[in-house]
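# Could you work out the structure for the sequence below:
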Amino acid sequence: MELVTDRRGAIDLTNTPVHLGLGSRALPVEGFEWDGRVLEAYAAAVANDGPEGRLVMVFEGSRSWETWERHPAGDELVICLSGRMTVIREVDGEHEPVGLGPYEAMINPSGVWHTADVDQPVRFMTITPGLGTEHRPR
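Below you'll find the predicted structure:
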């Protein structure tokens, strides 16, 4: 995993997320993977941005999520680009489903557990405060 400070070509957000940091920096994260070692290296590399750092990614898939997650450092923006999905938030022990279609967005408030059901193949973008993100089985 490497933060790239000088990238001039196109960036495929499904493979290379972009970290938005302090000072209006936008840094591609080359070699990003959902692997404990890589996530720790990313967290260390952007630690100085604290809770203001954001990770911008695009996901594609046709399966519902297998976990819940929450972001204690701040709100997360979820934008559906194509297909349909239902984001489910857990608020006061109750599930609150929010259906999203193309070009619809929602905000997952800081610290709120959420997961998603995929109604059909979907492509969506997230802008996430990664610091301290937690996961639990669904």
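# Give me the buried positions along stretch 130-138.
Within stretch 130-138, the residues scored as buried using 16 or more other Cβ atoms under 10 Å are Gly130, Leu131, Thr133. Just so you know, the C-beta spots here come from the backbone N, C-alpha and C atoms, and that holds for glycine as well.
# And the helices in the protein, which stretches?
Secondary structure of the chain, counting by DSSP state H: helices at 36-45.
# Report the lowest-confidence entry in the buried residues of stretch 130-138.
Sorting the buried residues of stretch 130-138 by confidence puts Gly130 at the bottom, with a pLDDT of 79.
# From Tyr42, how far off is Glu33?
As judged by Cβ to Cβ, to the nearest Å, Glu33 and Tyr42 stand 10 Å apart.
# which non-adjacent residue is nearest Glu96?
On the basis of Cβ to Cβ, 6 or more residues apart in numbering, the spatially nearest residue to Glu96 that is not a chain neighbour turns out to be Arg89, at 4.6 Å.
# OK, contacts around the one you found?
With contact set as Cβ atoms under 8 Å, 6 or more residues apart in numbering, Arg89 has these partners: His95, Glu96, Val98, Asn108, Val112, Trp113, His114.
# This completes my enquiry, with thanks.
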